[in-house]
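Colleague: Need coordinates for the following:
(chains A and B)
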Amino acid sequence: MLGSVRHSKVLAFSAPRVWEIIGDPADLAKWIPDFASCSVEGTTRTLTTKSGLTFDEELLVVDPVTRRIQYELKLPIARFHRGTLDVVATGENSCVVSYATECDPRIMALVIGAPTYRGLVELERQLNEGE
Amino acid sequence: MAKRILFITTDQQRYDTLGCNGGIYSRTPTLDALAASGIRYERAHPQSVVCMPSRATMITGQYPSTHGVWMNGVSLPIDAPSVVEELSRAGFATSLIGKAHFEPYVDPFAAFPETLMATSQTHEHLDPWYDGTIGPHRGFDYMATAAHGSAGPLHYSRWLAAEHPEAVGMFYPTLDGNLEVNAAGGGDTGAVQVANNAIPREWYHTDWVADQTMGWLTDRSDEEDWFCWMSFPDPHHPWDPPSSELGRINWRDIDLPAGYIEDVAQREAVLGQKPRHWMQWYEGSLVSNFEAPLEWVPATLTADQLREVTAKNAIEIELIDEAVARVLAQIALRGWDDDLDIFFTTDHGELGGDFGLMFKGPYHVDGLMRLPLIWRPAPSRNVTAQVVTKPVGLIDLAPTFLSVAGLPDASWMEGKSLPVHDEDAQQRGFDSVLTEWDSELFGVDVHLRTITRDNWTCSIYAPGTSHEEHDGELYNMNDDPLQQVNLFHDPSAKGHRDSLIEELRRSMPPMRSPLLAVVAPV
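Modeller: Below is the predicted model of the structure:
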């Protein structure tokens, strides 16, 4: 079985407002504090962590209509990975942001999912502070 | 005169492994001497039986429900209250040397200060305190961290890799290639988490922790108040002490522990009376928590494997006792002993073969809950040696440190300063002690709460993967010290059960909400 981890935040901001911040996959390092840099070329996203690791991800879905981003991480230690970021409107000025990580081996879901949690905390901070 | 506090902890050590507590394998003359001249507690319990929540309780003086570290892999918030911050504010020099584990170990993103300090080869880090003050991380001026081997980014691992790279591969790898707790067997019997480790003793983490502590103490002046948390990673698995020391105890000479039921049918009958997750783990159909090897089936444990684990565990404890002796000798040479309070305990116990099980998990029995705890008050205060039989908790340590330091109580602490004798315990209401467990891991959840009072232990379960609302455990430890007869549904014990449950529900603080995120396996 895959390991599955999902972090989420209920935000008092509209889904379009939240999507402005997180909808461009090249902006990941602007709201997940673990990353020092992020770039996208074609469907390949390259990330460098503040701890000095660099790796590539394959972007599978970038859908501004359903507000979903989905991707696979390419790392030898992860036989399978899928990350899914969703923004779901729950009202005119409210939404749920859900960030799911599925992985084999299962423990890697916890490890890779950790920055997604910290990203949601940072996202909420940026929204609250109007950044 | 200066105030000095030496707080010595080990990891995953059973009550019955010290000579002063009736242990027969490890020779522990140093710790036994502290107990003989101080206060030995016969019923000290942790508030959680895994590392991170328990250590968070030690430093905050709060229950896991309150500080929020509800399972391993949850980080204690950076700005959580800390008794060490109070000591630092009062002018104490403060250090933690050895195993901290307030933050996750598996941290490849270096998101936490414990990792950052080690990767940057520094020993201090500034962070916000609970009251908004900026100060040393959790109050520690100096941190030098270690865990159970050479893996990971902590100071000991970095030191070993730099100074003795040939030794890095000598340790048993605690985790396997999938980052699960390793189930590979080793040693002479193929026992899980056992290895013969060729590392020279002086490079092993136990002696490293003592050496680092002595180095920090060397820099202290005679006038300085100080608090030093010397935190040994052993005797937590893996059981891989330096091979040079194996001659101390021959595993073939080990008698099987009293809690190990040799007859398989009898063992399984005992497990069958307990809530379902006991038998499910034993037979290998459910590993509810990360702390036990996923691929290891307890029913496969052989008597010889248990003997070898017990022997290696005992050797690790002897090495700790000798390391403590070295540190105390240095302190004596400085002439500080008369004004030194010494505490010794551990974060939780070890099943150690009880019921055919090892390691730890949601099993609130004495193997995991009854801990060694010794307080040797400063001899200058003329406290007479005592044995306290009333129940106390690790939650009571932080208030005790404040008391020893002459500082006022902290309103956020939920424990009380440890009693100095049974009458003191009686007068101050040390009647019961509480322990919590919550875990949610990949679709499996377990939630239980336990109270120990008047030599009864009662656990209640919340509905979960393996449990229904009315599951529970009740043991009369006067008649059944090995906790083999579950009286929870016995009509003759209903009065005791209901009284204990009523007090448990009344005493337990509510769970912090929302739950803090699990961001690592451990």
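Colleague: Only C-alpha atoms from now on, for both contacts and neighbour counts.
Modeller: Fine.
Colleague: Can you show me the helices along chain A?
Modeller: For chain A, the helices defined by DSSP state H cover A:15-22, A:28-31, A:107-128.
Colleague: Close to chain B: what parts of chain A are there?
Modeller: Residues of chain A found near chain B (C-alpha under 8 Å from any C-alpha of the partner chain) are A:3-5, A:7, A:34, A:49-51, A:77, A:105-108, A:110-111, A:113-115, A:117.
Colleague: of the residues you listed, buried ones?
Modeller: With burial judged by 16 or more other C-alpha atoms under 10 Å in any protein chain shown, the buried subset of the residues of chain A next to chain B is A:3-5, A:7, A:34, A:49-51, A:105-108, A:110-111, A:113-115, A:117.
Colleague: Pick out the residue of chain A closest to chain B.
Modeller: residue A:114 (4.6 Å; C-alpha to the nearest C-alpha).
Colleague: got the contact list for the closest residue to that residue other than its chain neighbours?
Modeller: Closest residue to residue A:114 apart from its sequence neighbours, by C-alpha to C-alpha, 6 or more residues apart in numbering or on different chains: residue B:519 at 4.6 Å. Listed by C-alpha atoms under 8 Å, 6 or more residues apart in numbering or on different chains, the contact partners of residue B:519 are A:110, A:111, A:113, A:114, A:117, B:73, B:74, B:75, B:104.
Colleague: The fourth one touches residue B:521, doesn't it?
Modeller: No - taking contacts as C-alpha atoms under 8 Å, residue A:114 lies outside contact range of residue B:521: 10.4 Å.
Colleague: and the residue of the stretch 201-350 of chain B found nearest chain A, how many neighbours?
Modeller: Nearest to chain A in the stretch 201-350 of chain B, going by C-alpha to the nearest C-alpha, is residue B:290, at a distance of 9.3 Å. For residue B:290, the count of nearby residues is 20 (other C-alpha atoms under 10 Å in any protein chain shown).
Colleague: Over to the one 5 residues further on?
Modeller: By the measure other C-alpha under 10 Å, the count of residues near residue B:295 is 13.
Colleague: now residue A:126
Modeller: 13.
Colleague: Nearest spatial neighbour of the residue of the stretch 201-350 of chain B closest to chain A, chain-adjacent residues omitted?
Modeller: Sequence neighbours aside, residue B:521 is the residue nearest to residue B:290 in space, at 6.6 Å (criterion: C-alpha to C-alpha, 6+ apart).
Colleague: Next: residue B:305.
Modeller: residue B:191 (4.9 Å).
Colleague: Show me the beta-bridge partners of the one you found.
Modeller: residue B:186 (DSSP bridges).
Colleague: what separates it from chain A, distance-wise?
Modeller: From residue B:191 across to chain A, the span is 24 Å (C-alpha to the nearest C-alpha, to the nearest Å).
Colleague: Go ahead and confirm the residue of the stretch 201-350 of chain B closest to chain A touches residue B:180.
Modeller: Yes - using C-alpha under 8 Å, residue B:290 is in contact with residue B:180, at 7.4 Å.
Colleague: Quick one, grab the pLDDT at the residue nearest to residue A:114.
Modeller: If you check residue B:519, the pLDDT there is 96.
Colleague: And the residue of chain B closest to chain A?
Modeller: Relative to chain A, the nearest point of chain B is residue B:519 (4.6 Å; C-alpha to the nearest C-alpha).
Colleague: most distant residue from the middle of chain A?
Modeller: residue A:92 (22.9 Å; C-alpha atoms, centre = their mean).
Colleague: Checking my notes, residue B:43 in a strand, right?
Modeller: Yes - assessed by DSSP: H, G, I helix; E, B strand; the rest coil, residue B:43 belongs to a strand.
Colleague: ok, now which ones touch it?
Modeller: B:370, B:371, B:388, B:389, B:390, B:391, B:392.
Colleague: Look up how far residue B:421 lies from the third one.
Modeller: This points to residue B:388. In this view, residue B:388 and residue B:421 are 5 Å apart by C-alpha to C-alpha, to the nearest Å.
Colleague: What of the last one?
Modeller: Taking C-alpha to C-alpha as the measure, residue B:392 and residue B:421 are separated by 12 Å.
Colleague: now the helices: where do they sit in chain B?
Modeller: Counting by DSSP H, the helices of chain B are B:29-37, B:51-60, B:64-67, B:83-89, B:113-119, B:155-163, B:205-218, B:264-272, B:276-283, B:303-333, B:366-369, B:397-405, B:422-427, B:494-507.
Colleague: so how far is the last one off the chain centroid?
Modeller: Offset of helix B:494-507 from its chain centre (C-alpha atoms, centre = their mean, to the nearest Å): 27 Å.
Colleague: what's the answer for the longest one, then?
Modeller: The chain centroid and the centroid of helix B:303-333 are separated by 15 Å under C-alpha atoms, centre = their mean.
Colleague: angle of it against helix B:205-218?
Modeller: Inter-element angle recorded for helix B:303-333 and helix B:205-218: 10 degrees (by axes from the mean of the first three to the mean of the last three C-alpha atoms, to 10 degrees).
Colleague: tell me which residues of helix B:303-333 are tucked away?
Modeller: So, applying 16+ other C-alpha under 10 Å, buried residues of helix B:303-333: B:303-328, B:331.
Colleague: ok, which residues in the stretch 301-450 of chain B are in contact with chain A?
Modeller: residue B:442.
Colleague: give the contact list for the closest residue to residue A:102 other than its chain neighbours.
Modeller: In this structure, residue A:102 finds its nearest non-sequential neighbour in residue A:4, 4.5 Å apart by C-alpha to C-alpha, 6+ apart. By C-alpha under 8 Å, 6+ apart, the contact list for residue A:4 reads A:100, A:101, A:102, A:103, A:106, A:109, A:110, B:442.
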